[in-house]
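[1] With the sequence up front, the predicted model follows.
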Amino acid sequence: MKRSVSFKPVVLAVFALFALAAAPLADPLPKGFTNHKLNPGKGPNVADGVISFHIDDEKCSKTDYGDGRGENDCHNGNVRQMLGMNREAKMGEAWSYKFDVWVDPSFDYRGFTNDDAFTFIPRRADSRLRIASWEGQYLHNFLYMLKLETDLGLSFLGKTCQPTTAFGSLVTFEMRVFWSNDTKGWINVSCDGTVIYEKKDVATNQAPHCWITNQCEPGKKKNPSRVYFALGPVMAGFGPEWKKFGLASQFTKIQPDGITIKMRNVSVTPIAR
């Protein structure tokens with residue numbers, strides 16, 4: 001008796017291939033960027049060229065930092081969702097870092113008043129929330145940060161880039177910088193084409209605003225030779241000493257529905273010195 005041959009597995013395989021071909025593909029990350037290893041769960045969503053970052057209260061990563069301290073974000077109270085640039089800038093190079101930013105108009109984080117920030121920022125406003133950063137290769141070696149809170153709004157070194165009243169609309173941020181470990185360096189920061197911060201003849205590998213909660217150690221000379229760039233919200237916590245400050249936990253409190261930031265048109269390119 002002649003045995004019939006079943007084509008069911010073949011048919012299912014063909015349908016599966018068609019389904020995969022028809023399924024919408026996620027947009028790629030900006031060229032040269034990858035999800036940060038300390039993101040809890042998956043990285044930000046990318047659709048139609050828009051990167052949607054979101055962080056929630058106490059949603060942290062237990063991945064070890066790998067620097068020998070035996071610490072992680074949950075231990076220190078940090079929550080983040082970041083993209084990191086694969087290529088680090090080096091001294092003697094000039095770069096443009098440019099992107100559009102959208103902050104959810106429901107954003108509700110005031111930051112802190114910190115005496116350590118008194119000589120640097122009006123009203124001693126100290127935000128633990130950064131959405132972009134430029135960091136040297138050493139521990140606590142942050143050079144520049146794009147910060148966020150409701151007092152100064154979106155700000156760079158205490159200079160407002162976008163006020164809180166404009167949240168919900170896009171603003172174009174650009175930082176042009178010549179990385180240098182001597183006084184040949186320069187930096188120019190603009191928002192929607194208006195310059196908000198500019199310095200010439202400075203060592204751009206040194207943090208202009210250095211205090212401990214700004215991820216910088218005053219009085220400790222560091223001379224980084226390369227700079228790591230990262231995008232996305234990071235709410236810094238209070239570390240393992242949170243009980244000393246009479247706090248409820250190591251985490252900086254975030255609004256119940258979390259914080260959403262969107263970016264697009266991310267461009268990091270070398271420029272003429």
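    Alright, I've got the coordinates. Computed from a predicted structure; not experimentally measured. Numbers count the residues shown, from 1 in each chain.

[2] all strands for the stretch 101-250 of the chain, in order.
    112-113, 125-126, 129-136, 142-149, 153-156, 159-162, 171-178, 185-191, 194-202, 226-235 (DSSP state E, counting those that start in this stretch).

[3] Let's have those strands in TSV, adding distance to F251.
    Placement of C-beta: from N, CA and C, glycine included. Below are these laid out as TSV (distance: least, CB to CB, whole Å):
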stretch	distance to F251
strand 112-113	14
strand 125-126	17
strand 129-136	12
strand 142-149	16
strand 153-156	23
strand 159-162	26
strand 171-178	27
strand 185-191	30
strand 194-202	30
strand 226-235	8
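
[4] where does the stretch 51-200 of the chain dip in pLDDT?
    Scanning the stretch 51-200 of the chain for pLDDT under 70 picks out nothing.

[5] mind redoing it with 90?
    Applying pLDDT under 90 to the stretch 51-200 of the chain flags residues 67-69, 112-115, 118-119, 121-126.

[6] My guess is M91 contacts N205. True?
    Yes: because the distance of 6.4 Å satisfies CB atoms under 8 Å, M91 is recorded as touching N205.

[7] okay, and the common contacts of these two?
    W179, S180, N181, S225 (CB atoms under 8 Å, 6 or more residues apart in numbering).

[8] now for those, which pair is the farthest apart?
    Farthest apart among the shared contacts of M91 and N205 by CB to CB are S180 and S225. That separation is 10.9 Å.

[9] higher neighbour count, the two?
    Between S180 and S225, S180 has the larger neighbour count (other CB atoms under 10 Å), namely 21 against 13.

[10] what's around L231, how many residues?
    27.

[11] what sits opposite it in the beta ladder?
    Counting by DSSP bridges, L231 forms beta bridges with L83, A132.

[12] tell me the contacts of it?
    So L231 contacts F33, I51, M82, L83, G84, F99, I131, A132, M263, V266 (CB under 8 Å, 6+ apart).

[13] tell me which of those residues is nearest to N39?
    M82 (6.2 Å).

[14] quick one, what contacts the closest one?
    M82 touches N35, H36, L38, N39, G43, F53, A230, L231, G232, P233, V234, counting by CB under 8 Å, 6+ apart.

[15] beta partners for the first one?
    Read it as N35. L83.

[16] so it touches L29, yeah?
    Yes: here N35 lies in contact with L29, judged by CB under 8 Å, at a distance of 7.3 Å.

[17] who touches both of those two?
    By CB under 8 Å, 6+ apart, the residues touching both N35 and L29 are G43, L83.

[18] separation between A230 and D182?
    25 Å (CB to CB, to the nearest Å).

[19] Tell me which of those two has more neighbours.
    Neighbour count, other CB under 10 Å: between A230 and D182, A230 has more, with 19 against 11.

[20] and that one, what is it in contact with?
    So A230 contacts H36, M82, L83, G84, M85, A132, S133, E135 (CB under 8 Å, 6+ apart).

[21] Would you mind measuring from it to S249?
    25 Å.

[22] just W186 next, same as before
    Taking CB to CB, one finds W186 at 42 Å from S249.

[23] the more surrounded of the two?
    W186 (18 against 12).

[24] what are the ranges of the helices in the stretch 1-150 of the chain?
    Under the criterion DSSP state H, counting those that start in this stretch, the stretch 1-150 of the chain contains helices at 8-22, 73-76.

[25] weakest of those by average pLDDT?
    Ranked by mean pLDDT, the helices of the stretch 1-150 of the chain end with helix 8-22 at the bottom, a mean of 42.

[26] count of neighbours near the nearest residue to V103 once chain neighbours are set aside?
    Leaving out its chain neighbours, the residue that sits closest to V103 by CB to CB, 6 or more residues apart in numbering is F167, at 4.3 Å. F167: 19 surrounding residues under other CB under 10 Å.

[27] what's the answer for T172, then?
    16.

[28] Check T269 too.
    Look at T269: counted by other CB under 10 Å, it has 10 neighbours.
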